[in-house]
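Asks: What follows is a predicted protein model with its sequence.
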Amino acid sequence: MTIPVDWWRGFFQGVALDLWRQAVTPEQTRLEVDLIEKLFKLTHATRLLDVPCGGGRLALELAGRGHQLTGVDIAEENIAEAKVGSIKRNLKIAWEQREMRDLPWEAAFEGVFCCGNSFGYLDDAGNRDFVRAVARVLQPGGRFLIDYGCAAESILPAFQERRWYQFGDIHLLIHNRHDIVHSRLDTEYTFVRAGKVETRSGTQRIYSYCELCQMLNEAGFGEVTGYGSAQLEPYRLGSPRLLLLATRRR
């Protein structure tokens, strides 16, 4: 399986986004935003950055609760959907179509979040650049949340090569390969809808908890805490996901 380094540039469009829209319920979005507010200790209107923001579901919910949001995503279809959502809800949100490392602000936000298992798409240098960019746009003491499903301690103990899913009218076959040399998860996605089959590929870096903490510390983050679920129990081997919360050093 040969996957382009910049596979993510053309992946997020069409059926892939349709599946995501059907997979995530409004209730799940509200619960995720409840968690962000809790982890960030939001008690007042706060400037937040959602990167990558996808179709804007989290940013829209947070803005509806009175926070000041900026959303960044490379996919044109995502940004178009996000703009429509903010118009429908009469919310003022800054939507920016740009690559996730391209964050031109300086100490502008009190919190940044990277959700939806969107971390690790880039190569090692690119992932480090993204974390450094987040550190730059955060105010001292600001918080950074990574919701990451490809942490080594989560994905490797229960590794499966093939999985079938169904969301609405879309069936999805996932075929995984663990690239042990580069510590990446290479995945072929087969979408089936109304008799039409479409295949795309993607790859994501598998970092250990220790590697992530080192990356964050080197970028200027101090306190780093890992949780294993929305119930906020400590992260451990076999936890289904990693919620990694880091604080920008003052």
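Replies: Received the coordinates, thanks.

Asks: Show me the strands in this structure, by range?
Replies: Using DSSP state E, the strands assigned to the chain run over residues 47-50, 68-73, 94-97, 109-114, 138-148, 162-167, 170-179, 184-193, 196-205, 221-227, 242-248.

Asks: Let me know which of these is the nearest to Cys213.
Replies: In terms of Cβ to Cβ, the element of the strands of the chain nearest to Cys213 is strand 221-227, at 4.9 Å. C-beta here means a position set from N, CA and C on the backbone, and glycine is covered the same way.

Asks: got the angle for that closest one vs strand 138-148?
Replies: Orientation check (axes from the mean of the first three to the mean of the last three Cα atoms, to 10 degrees): strand 221-227 against strand 138-148 gives 30 degrees.

Asks: where's strand 221-227 relative to the chain centroid, distance-wise?
Replies: Here the centre of strand 221-227 is set off from its chain's centre by 17 Å, with Cα atoms, centre = their mean, to the nearest Å.

Asks: Just the buried positions in it, please.
Replies: Of all the residues in strand 221-227, those buried under the rule 16 or more other Cβ atoms under 10 Å are 221, 224, 226-227.

Asks: pLDDT on that strand, on average?
Replies: For strand 221-227, mean pLDDT is 96.

Asks: for stretch 240-250, same thing?
Replies: Across stretch 240-250, pLDDT averages out at 96.

Asks: Give me the contact list for it.
Replies: By Cβ atoms under 8 Å, 6 or more residues apart in numbering, the residues outside stretch 240-250 that reach it are 35, 39, 117, 135, 138-149, 151, 153-154, 209, 212, 216, 220-230, 232, 235.

Asks: Quickly list the domain ranges of the protein.
Replies: 8-149+208-248, 155-202 (automatic domain parsing).

Asks: Which one of those lies nearest to Thr2?
Replies: Closest of the domains of the chain to Thr2 is domain 155-202, at 8.3 Å (criterion: Cβ to Cβ).

Asks: what pLDDT, on average, does that closest one get?
Replies: For domain 155-202, the mean pLDDT works out to 96.

Asks: quick one: furthest residue from the center of this protein?
Replies: The C-alpha centroid of the chain is most remote from Gly195, which lies 30.4 Å away (Cα atoms, centre = their mean).

Asks: buried ones in stretch 95-111?
Replies: Using 16+ other Cβ under 10 Å as the test for burial, stretch 95-111 gives 95-96, 99-101, 103, 108-111.

Asks: before we move on, what about stretch 59-71?
Replies: Buried residues in stretch 59-71, counted by 16+ other Cβ under 10 Å: 59-64, 67-71.

Asks: Name the nearest residue to Gly126, ignoring sequence neighbours.
Replies: Arg101 (6.4 Å; Cβ to Cβ, 6 or more residues apart in numbering).
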